[in-house]
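Undergrad: 3D model of this:
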Amino acid sequence: MRRHVGWRGFVATIVVGVSLQGCFAPVPPAPVVVADEDRIDWAADEPYFIVVRTACRTLDVYRHGERIRSFPAVFGLGGTKHKLHEGDHRTPTGLYSIVAMRRHPRWQRFMLLDYPNLHDVQRYEVAMQSGDIPMLGERLAGVGGAVGIHGTDKPDLNQKGVDWTFGCISLANDDVEDLATLVPVGTLVLIED
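TA: Predicted coordinates for the structure are as follows:
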């Protein structure tokens, strides 16, 4: 666990100076020769690393810094600009890790992310102090949780690229099965615009 805390700080420092905004064409599931632009050198020591590029609508899997898979993805109904609270239907951006993985009766697989992280909690507290958190009934909306990567019970919406989740990342069911066989619990997940 301590390794992740140190690594998170390292990645956060690196990410500021490195742009991952380039979109790539999806990588087919069959083994391919990976081009130079499909490499993240600073992730070379990580057995697996996931980068979700919301602008590209992809979830890319890297092994020792080399992109080995790319899956089409859809996101939360509320977009991806800084998830602030439960019920805003936004997909968070930031650095997370997969903390649990299980089968799911509705979405095939569910890979729970460690949302909210410290940055999410700080953003929530600032929004709460400035009065930007709405009331849910008789209480303020909380920071939220249960954000993850999962399959779909709406395959037509996924195929059309329509965002429909309440804040999660959704893949086609075959793709989420493939992802679940590739990456272990503890895999770092960078979600960026």
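
Undergrad: alpha carbons only for contacts and neighbour counts from here, please
TA: Noted.

Undergrad: Could you point out the helix or strand that follows the helix or strand bottoming out on mean pLDDT in the chain?
TA: One helix or strand of the chain scores below all others by mean pLDDT, DSSP states H and E: helix 2-17, with a mean of 37. Per DSSP states H and E, the first helix or strand lying C-terminal to helix 2-17 is strand 49-53.

Undergrad: can you give me the strands in the protein?
TA: Under the criterion DSSP state E, the chain contains strands at 49-53, 58-63, 66-72, 94-104, 108-113, 135-136, 139-140, 148-150, 169-170, 188-192.

Undergrad: Please identify the most buried of those strands.
TA: Mean neighbour count, computed with mean count of other Cα atoms under 10 Å, is highest for strand 169-170 among the strands of the chain, reaching a mean of 29.

Undergrad: how about low-confidence regions in this structure?
TA: Along the chain, segments meeting pLDDT under 70 span 1-37.

Undergrad: same thing but at 90, please
TA: The chain contains residues with pLDDT under 90 at 1-38, 42, 79-82, 105-108, 136-137, 193.

Undergrad: Name the residue most distant from the centre of it?
TA: Within the chain, the residue lying farthest from the chain centre (Cα atoms, centre = their mean) is E138, at 31.2 Å.

Undergrad: I'd like to know how far that one sits from L59.
TA: Distance of E138 to L59, computed by Cα to Cα, to the nearest Å: 38 Å.

Undergrad: what do you get for M101?
TA: 17 Å.
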